[in-house]
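Novice: below is the sequence, then the predicted model.
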Amino acid sequence: VEGPALQEKQTYFNRFLAHRLPDRAATYCLQMCGLLTDEERAVKERHGSSWTTI
C-alpha cells in the first residue's frame with residue numbers, strides 16, 4: 001500500500017506512540033511493526049537517536 005493512505009496511517013501511529021512511549025521505544029515498535037521506512041530510520045540515526053539499543 002502506497003500513497004496518502006499509508007502516510008496518514010504512519011503519521012497516526014507515530015503520534016500515537018510518541019505521546020505514550022519514549023522516543024527510542026516508539027521508534028523500535030514502529031520498526032518492528034514495519035511502519036518505519038528506511039528513510040525515517042536514517043533520519044533518526046542522523047539525529048543521534050540510539051533506537052537500536054533498548
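Specialist: Structure's in. What do you need? Numbers count the residues shown, from 1 in each chain.
Novice: can you pull the pLDDT of Val1?
Specialist: Val1 carries a pLDDT value of 56.
Novice: that should have said Gln31, apologies.
Specialist: pLDDT recorded at Gln31 is 73.
Novice: pretty sure it is touching Arg41, no?
Specialist: Yes. Under the criterion of Cβ atoms under 8 Å, Gln31 makes contact with Arg41 at 6.8 Å. In this view, the C-beta of every residue, glycine as well, is placed from N, C-alpha and C.
Novice: ok, Phe13 touching Cys33?
Specialist: Yes. Phe13 is within contact range of Cys33, at 7.4 Å (criterion: Cβ under 8 Å).
Novice: who's more crowded, the two?
Specialist: Phe13 (16 against 10; other Cβ atoms under 10 Å).
Novice: the more buried one and Gln7: what is the separation?
Specialist: Distance of Phe13 to Gln7, computed by Cβ to Cβ, to the nearest Å: 11 Å.
Novice: after the host helix or strand of Glu8, which helix or strand is next?
Specialist: Using DSSP states H and E, Glu8 falls within helix 4-18. Heading C-terminal from helix 4-18, the first helix or strand you meet, by DSSP H and E, is helix 23-32.
Novice: what residues sit buried inside the helix or strand just after that next one?
Specialist: As assigned by DSSP H and E, the chain's next helix or strand after helix 23-32 is helix 38-46. Neighbour-count burial for helix 38-46, counted by 16 or more other Cβ atoms under 10 Å, picks out 41, 44.
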